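Asker: starting from these lines, generate the structure:
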Amino acid sequence: MGDKLLEIEDLHVEIEGNEILKGLNLSMDKGEIHAIMGPNGSGKSTLAYVLTGRPGYEVTAGKIFYKGEDIMGLAPDERAQRGIFLAFQYPTEVPGVSVVNFMRTAYNAIHADRTKSAMAFRMYLQEKIDLLEIPSELVDRYVNQGFSGGEKKRNEVLQMAVLTPELAIMDETDSGLDIDALKHVSAGVNKLATPDVGIMLITHYQRLLNYIRPDVVHVLMYGQVVKSGGFELAERLEAEGYAGLAREFGLSQEAIAEVQKLEKARA
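Answerer: Below you'll find the model as predicted:
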């Protein structure tokens, strides 16, 4: 470890004039798995979108360094080419485009220095399919069209395997999965968790972390990382809830009231 991959300093982000991230600080090393936990509306997905450069999110203050480079001015495709990947909570259907063609196009766009022919890519893709134990026929179907929730998430993990990112952000990968699908998806992520990649897991619940063990757990509330720790922190959150620990994390009365409202809405 010790090879700094991502540094976020005092990040403030607005959406349509509403401040979502309010001075977020976070640091992770290459090869680590970090879990970002927090109630609905705390800014978890906003963080993912800002890191990948999604339009519509205005950074009003702060800095993001990826492998020592300030990436604030980079477009989404430039960040992808540098090795930043996002697995979506709700993957989009792309009718008429097969998974294999979609992935080959993405691979060649990101790895322009080592593009692959159709035949070479199919062989490369099959290696990843075998590694992740995914049915081969999945890649001949149209992207996410008619896919079950588990198939959509396994397809996202397959994309991660194909694109070989250095920073993989998994936005609520466990959302909508039954226990069997969760085990399959988690096993795939674990196979891709090497010393060359940092993985950021965004989740509400501890259950994902029972299968993908994080090195660090960050609690995100009211747009800030209010506490970082080990797996035991996730266990406390599961047992006591976010609102139950809000005062301990040193939040203001306004912030505590907001967390309590979010927690009540979730229940």
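
Asker: which ones are touching residue 128?
Answerer: Residues in contact with residue 128 (Cβ atoms under 8 Å, 6 or more residues apart in numbering) are 158, 161-162. For every residue, glycine as well, the C-beta is placed using N, CA and C.

Asker: what residues of the helix or strand containing it count as buried?
Answerer: Secondary structure assignment for residue 128, by DSSP states H and E: helix 118-132. Along helix 118-132, the positions that meet the burial threshold by neighbour count (16 or more other Cβ atoms under 10 Å) are 121, 124-125, 128-129, 132.

Asker: reformat the residues you listed as a markdown table; add pLDDT and distance to residue 202.
Answerer: As requested, the buried residues of helix 118-132 are exported to a markdown table (pLDDT from 0 to 100; distance: Cβ to Cβ, whole Å):
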| residue | pLDDT | distance to residue 202 |
| --- | --- | --- |
| 121 | 95 | 30 |
| 124 | 96 | 28 |
| 125 | 96 | 27 |
| 128 | 97 | 23 |
| 129 | 96 | 26 |
| 132 | 95 | 21 |
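
Asker: so where do the helices sit in the stretch 51-200 of the chain?
Answerer: Secondary structure of the stretch 51-200 of the chain (DSSP state H, counting those that start in this stretch): helices located at 76-81, 99-110, 118-132, 149-163, 179-192.

Asker: with respect to burial, which of the ones you listed scores highest?
Answerer: helix 149-163 (a mean of 22; mean count of other Cβ atoms under 10 Å).

Asker: and it, what does it pack onto?
Answerer: Using 3 or more Cβ pairs under 8 Å, 6 or more residues apart in numbering; DSSP states H and E as the contact criterion, the elements in contact with helix 149-163 are strand 84-87, helix 99-110, helix 118-132, helix 179-192.

Asker: let me have these in a markdown table, adding distance to residue 142 as columns.
Answerer: Supplementary listing: the helices and strands packed on helix 149-163 in a markdown table, determined by distance: least, Cβ to Cβ, whole Å:
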| stretch | distance to residue 142 |
| --- | --- |
| strand 84-87 | 19 |
| helix 99-110 | 8 |
| helix 118-132 | 16 |
| helix 179-192 | 20 |
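
Asker: out of these, which is closest to residue 147?
Answerer: Across the helices and strands packed on helix 149-163, the minimum distance to residue 147, taken as Cβ to Cβ, is reached by helix 99-110, at 9.4 Å.

Asker: which other residues reach that closest one?
Answerer: With contacts defined as Cβ under 8 Å, 6+ apart, helix 99-110 is touched by 77, 80-81, 94, 115-116, 118, 121-122, 125, 138-143, 155, 158-159, 162-163.

Asker: and residue 49, that's in a helix?
Answerer: Yes - note on residue 49: a helix contains this position according to DSSP: H, G, I helix; E, B strand; the rest coil.

Asker: from what I can see it touches residue 57, true?
Answerer: Yes - between residue 49 and residue 57 a contact is recorded at 5.6 Å, counting by Cβ atoms under 8 Å.

Asker: mutual contacts of the two, please.
Answerer: Common neighbours of residue 49 and residue 57 are not found (criterion: Cβ under 8 Å, 6+ apart).
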